[in-house]
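Undergrad: show me the folded form of this:
(2 chains)
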Amino acid sequence: MALLDVEDLSVTFARRGQRTVRAVDGVSFSVDAGEVVGLVGESGCGKSVTSLAIMGLLPRQKGVHIGGKASFDGTDLLQLDARSMRDVRGRDVAMIFQDPLSSLNPVVPLGIQVTEVLQRHRGMKGEAAAKEAAALLDRVGIPDPRRRLKEFPHQLSGGMRQRALIAMAVACRPRLLIADEPTTALDVTIQAQILELLKELVRESGTALVMITHDLGVVAGMCDTINVLYAGRVIETARRRPLFAEPHHPYTVGLLGSVPRLDAGRGERLTPIPGSVRDVLPWPDGCAFAPRCHRRVDACVGEPPELVLTHTGHSYRCVNPVTGPVAPARAQEEQA
Amino acid sequence: MFRFIVRRLLQVIPTLFGLSILLFIWLHRLPGGPETAILGERGTPEMRAAIRRNLGLDEPILVQYGRFMKRLIQFDLGTSTSTKREVTTEFLQRFPGTVELTVMAMLIAIGLGIPLGYLAARRRGTIVDHASVAGSLIGICIPVFFLAYVLKAVFAENLGWLPSAGRQDPTIGATRITNFFVLDGLMTREWDAAADALIHLILPGLALASIPLAVIVRITRASVLEVLGEDFVRTAEAKGLTESVVRRRHVLRNAMLPVATSIGLLTGQLLSGAVLTETVFAFSGIGAFLADAISQRDYPVLQGFILIIALVYVLVNLVVDVSYTLIDPRVRVR
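TA: Residues are numbered from 1 along each chain as shown, chains lettered A, B, ... in the order given. Reported below is the predicted structural model:
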């Protein structure tokens, strides 16, 4: 059994006087223990909302409706009450966010922000907690951790802040770590360092990692399995190599084609996907990507495409899939 | 930090100097003078002139101002033209009452306002939220003196739970040290005196608290709403912290800056006197005395009191500025 099994997860936001928004519309994927899984898609495809729903961090209020299942080690996280969910969060499932500056409390010393997790879930206090906090900062590569514990977030650099957030997330050795665009707000050189750190932590501790990103470069470098999301649904799932070598869904092909590459021939142009993520067809009426798809056929509209599973374990939702290797993708996979 | 405080205190001197000039000019340009207050419409021009000469008001304004400043440097604020007592004495006798009343009102306003504002923000859109927003609107709209009369009628006169007037029951015969009646009671261990003074503060304190309470509820609510949307609150939730830790350490602490600012301003306002409330409860603070001083054209009292109130205002705001640095480490005092 997988560590995390998300089944037919849906999230809708309803507001009086406004059209109901289906942010996540039947997402299914699973994460095995120790596995690194990517959730990839454009802005607005529902990847962040998916992670917040799993973490129980969406507001519990009228108008927010969450459906489906998210079984973590046999327990459906979506059914847990607020109190039990607080016990799970930070201990078994932890999360890292996009913007490290705004994700840290500006008026509380770093030390307290680290030790509060230790105190909450591991019952550590005083010197023991401070010692463990320093060890954690040291582990994520923050030099002079004892001094840093007394400092405030604004006194740290961007990379250090993200390292500190990672330290807080791994403080209780969670079995699952969700990283929501952890490198988007950082410089390129720092991005590489942070990804390297995450890879290392995952390898050492056996923590499963869900990487949420729009950056195919990130997933190419670290994910075992990749789920491509479009309009709130997973449209293609594959292991890393087959996905880059032989993507089947035209949207995945499009994503790969729109990544700038150093080895592209001079004068070769990027091929953006036409239209925007707003031009979607509601899933029940057919393939949501159909309005933007260059391979559209009549069968695309009418009913949603079934999930097709190939013998290699590759699955996709498309009635007119791309077959055969895609030229520009190969180098990408080799680079990985 | 120490240098910051010292420099801010030194800045008070030019502020007060400027204020004293403005005050002098404004007061002396008011139509009528103490002679009119004393004599009414009856006095002959000769009698008026005699009184003015007596009070030194016939001299050029610059000479008068010079004399005022010379005394001020020696901490002598002169003598009241209406009560014939020293302004400093009058002040020391009345200001403690106003301070006690202000502290009581602000304790009520802060103690209720911050939790209510937090709750309204946390339960946004629910009945709790609507009730506190509507309630605070009512609090701002009701004239304070009217609320004072209602409180007095209900709790003092009808129910008889609380005293209706004064600062303390005179039959207790409490010892006076500082004229802060509650403090005096505590210092002399006359517990009944302290308790009685405290009870006398409740009704006027409630009446005076209405506007600060409403303001604090609204500012806290808005500020908490803003903080609740911040990423670091989500991080705190993602760590699985208990609700009380999230509330105290992550939400309220960040939401307190604007609240602290408003508390400073509101406190300063209350300290400058609550004329009507003090009148309703026959409470001897500076409010009613100042109002009298204006109608009596009691220049020494007005000049002295206003200068001291300005000084207190500056000090309160200094405390607020210092509290910023305690709340938010990014605020550096320079």
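
Undergrad: got a list of contacts for stretch B:57-73?
TA: Applying CB atoms under 8 Å, 6 or more residues apart in numbering or on different chains, the contact partners of stretch B:57-73 are B:20-21, B:24-25, B:28, B:33-35, B:49, B:52, B:56, B:77-78, B:303, B:307. (Glycine included, C-beta is placed from N, CA and C.)

Undergrad: can you check stretch A:77-86 too?
TA: A:9, A:53-54, A:56, A:60, A:66, A:68-71, A:88, A:93, B:240-243.

Undergrad: now do it: distance from first to last residue.
TA: The straight-line separation of the ends of stretch A:77-86 (CA to CA, to the nearest Å) is 11 Å.

Undergrad: buried residues of that stretch, list them for me.
TA: A:Leu77, A:Leu78, A:Leu80, A:Met85, A:Arg86 (16 or more other CB atoms under 10 Å in any protein chain shown).

Undergrad: now swap in stretch B:27-43 and tell me
TA: B:Leu27, B:Gly33, B:Pro34, B:Glu35, B:Ala37, B:Ile38.

Undergrad: next: stretch B:62-79.
TA: Those buried within stretch B:62-79 under the rule 16+ other CB under 10 Å are B:Gln64, B:Tyr65, B:Phe68, B:Leu72, B:Leu77, B:Gly78, B:Thr79.

Undergrad: show the average pLDDT along that stretch.
TA: Averaging pLDDT along stretch B:62-79 gives 83.

Undergrad: cool, and stretch A:316-333?
TA: Stretch A:316-333 comes out at a mean pLDDT of 66.

Undergrad: how many residues are close by residue 276?
TA: Assuming you mean chain A. A:Ser276 sits with 11 neighbouring residues when counted by other CB atoms under 10 Å in any protein chain shown.

Undergrad: try chain B instead
TA: 20.

Undergrad: pLDDT value on it, please?
TA: Note on B:Leu276: pLDDT of 77.

Undergrad: quick one on the thing from earlier: tell me which two of the buried residues of stretch B:27-43 sit farthest apart.
TA: Of all pairs drawn from these, the greatest distance, 16.5 Å, lies between B:Leu27 and B:Ile38 (CB to CB).

Undergrad: just the closest of the contacts of stretch B:57-73 to A:Gln18, please.
TA: A:Gln18 lies nearest to B:Leu307 out of the contacts of stretch B:57-73, by CB to CB, at 58.0 Å.

Undergrad: and that closest one, what's its pLDDT?
TA: At B:Leu307, pLDDT is 85.

Undergrad: where's A:His65, which helix or strand?
TA: If you go by DSSP states H and E, A:His65 is part of strand A:64-72.

Undergrad: what's the burial count for the residue of the stretch 201-334 of chain B found nearest chain A?
TA: Nearest residue of the stretch 201-334 of chain B to chain A: B:Gly240, at 3.5 Å (CB to the nearest CB). Look at B:Gly240: counted by other CB under 10 Å, it has 23 neighbours.

Undergrad: that one and A:Val88 touch, don't they?
TA: Yes: counting by CB atoms under 8 Å, B:Gly240 touches A:Val88, with 6.8 Å between them.

Undergrad: A:Leu177 belongs to a helix?
TA: No: looking at A:Leu177 with DSSP: H, G, I helix; E, B strand; the rest coil, it is strand, so not inside a helix.

Undergrad: residue ranges with poor pLDDT in chain B?
TA: Where chain B drops to pLDDT under 70, the residues are B:273, B:332-334.

Undergrad: would you mind naming what in it lies close to chain A?
TA: Residues of chain B found near chain A (CB under 8 Å from any CB of the partner chain) are B:125, B:230-232, B:234-243, B:245, B:249-250, B:253-254, B:327-330.

Undergrad: and for residue 221, the neighbour number?
TA: Just so you know, I chose chain A. By the criterion of other CB under 10 Å, A:Gly221 has 17 neighbours.

Undergrad: the intended chain is chain B.
TA: 25.

Undergrad: again, but for A:Glu127
TA: A:Glu127: 8 surrounding residues under other CB under 10 Å.

Undergrad: check which helix or strand covers it.
TA: Counting by DSSP H and E, A:Glu127 is part of helix A:126-139.

Undergrad: from the contact counts, what lies against that helix?
TA: On a contact count with 3 or more CB pairs under 8 Å, 6 or more residues apart in numbering or on different chains; DSSP states H and E, helix A:126-139 meets helix A:110-122, helix A:145-150, helix A:158-170.

Undergrad: at 6 Å instead, please
TA: Counting contacts by 3 or more CB pairs under 6 Å, 6 or more residues apart in numbering or on different chains; DSSP states H and E, helix A:126-139 is packed against helix A:110-122, helix A:145-150.

Undergrad: of these, which approaches B:Ser295 most closely?
TA: That would be helix A:110-122 among the helices and strands packed on helix A:126-139, by CB to CB, at 57.0 Å.

Undergrad: would you mark the buried spots in the closest one?
TA: Buried, per 16+ other CB under 10 Å, within helix A:110-122: A:110-122.

Undergrad: so which of those reach chain B?
TA: The residues of the buried residues of helix A:110-122 that also fall near chain B, by CB under 6 Å from any CB of the partner chain, are A:Val117, A:Arg120.

Undergrad: can you lay out the buried residues of helix A:110-122 as CSV showing pLDDT?
TA: CSV is the format used below for these (pLDDT from 0 to 100):
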residue, pLDDT
A:Leu110, 91
A:Gly111, 90
A:Ile112, 91
A:Gln113, 92
A:Val114, 91
A:Thr115, 92
A:Glu116, 92
A:Val117, 91
A:Leu118, 91
A:Gln119, 90
A:Arg120, 91
A:His121, 90
A:Arg122, 88
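
Undergrad: tell me which of the buried residues of helix A:110-122 is nearest to B:Ala120?
TA: Using CB to CB, those come closest to B:Ala120 at A:Glu116, 26.2 Å.

Undergrad: distance check, that closest one against A:Ile273.
TA: 43 Å (CB to CB, to the nearest Å).

Undergrad: circling back: and the residue of the stretch 201-334 of chain B closest to chain A, what is it in contact with?
TA: Neighbouring residues of B:Gly240 by CB atoms under 6 Å, 6 or more residues apart in numbering or on different chains: A:Arg86, A:Arg89, A:Gly90.

Undergrad: so which of the residues you listed sit within helices?
TA: A:Arg86 (DSSP state H).

Undergrad: show residues contacting the helix holding A:Glu127.
TA: A:Gly111, A:Val114, A:Thr115, A:Leu118, A:Gln119, A:Met124, A:Pro145, A:Arg146, A:Arg148, A:Leu149, A:Ala167, A:Ala171.

Undergrad: recalculate using a threshold of 10 Å.
TA: Identification of contacts with helix A:126-139 by CB atoms under 10 Å, 6 or more residues apart in numbering or on different chains yields A:110-119, A:122-124, A:142-149, A:160, A:163-164, A:166-171, A:197, A:200-201, A:204-205.
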